[in-house]
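Chemist: Predicted model and sequence below, questions to follow.
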Amino acid sequence: MQPRAAFALLLCAMCIKNIEEIMFLPEWGDTNNFFIQMSTAQVILAATILTVVFAVIGLKTADKTVWPLALITGSLMASALANLILSVIQFELMPGVLGGVLFLIPAAVLVFRSLDFTIGRSSLYTLAGLPFALTSGYLALALSGFLVN
């Protein structure tokens, strides 16, 4: 499979995870005091911002260079793994964990395989993607909070 096609599948998986988070994250955030409070409108806008930015960067660079596509893929993989880890720690499903485990992680593996990455190189980009995932997520939520309020 070509990297561009694999990345398109990853974006579809991201949208599935986003829908799950839009449906459940605001209410879940209200019951978890360590998580920032947000409205459904903020989550919708933040998810849209991230999806559009990731899509533009990933699809524009897919045929030219590997690292932006790999970093975005790694950050989405890291996000799904972080949801899984938080779910285990809290003994409850965090919004986004099902979409992440069932769709996002397999799609990310597919992208890494389309780039002919080894497990080590894929892991490196996933680790590098963790701060990118956290930063981009919080920036999108902050921007959406500013625009919605």
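Modeler: Arrived safely.

Chemist: Please make it C-alpha for all contacts and neighbour counts, starting now.
Modeler: Noted.

Chemist: Give the buried residues for the host helix or strand of Leu11.
Modeler: Element membership of Leu11 [criterion: DSSP states H and E] is helix 3-31. Neighbour counts over helix 3-31 (16 or more other C-alpha atoms under 10 Å) mark 3-4, 6-22, 24-26, 28-29 as buried.

Chemist: by how many degrees do the helix or strand that that helix is followed by and helix 3-31 diverge?
Modeler: Next in sequence after helix 3-31, counting helices and strands by DSSP H and E, comes helix 40-61. In terms of direction (axes from the mean of the first three to the mean of the last three C-alpha atoms, to 10 degrees), helix 40-61 departs from helix 3-31 by 160 degrees.

Chemist: name the helices or strands packed onto helix 40-61?
Modeler: On a contact count with 3 or more C-alpha pairs under 8 Å, 6 or more residues apart in numbering; DSSP states H and E, helix 40-61 meets helix 3-31, helix 67-90, helix 119-148.

Chemist: Out of those helices, which is closest to Gln42?
Modeler: With C-alpha to C-alpha as the measure, helix 119-148 is the member of the helices and strands packed on helix 40-61 nearest Gln42 (5.1 Å).

Chemist: mind listing what's buried in the closest one?
Modeler: Buried, per 16+ other C-alpha under 10 Å, within helix 119-148: 122-123, 125-130, 132-133, 136-137, 140-141, 144-145.

Chemist: Just want the angle from that helix to helix 40-61.
Modeler: Calculated by the same axes, to 10 degrees, helix 119-148 forms an angle of 130 degrees with helix 40-61.

Chemist: Which neighbouring elements make contact with helix 119-148?
Modeler: By 3+ C-alpha pairs under 8 Å, 6+ apart, helix 119-148 packs against helix 40-61, helix 67-90.

Chemist: Between helix 3-31 and the last one, find me the angle.
Modeler: Calculated by the same axes, to 10 degrees, helix 67-90 forms an angle of 30 degrees with helix 3-31.
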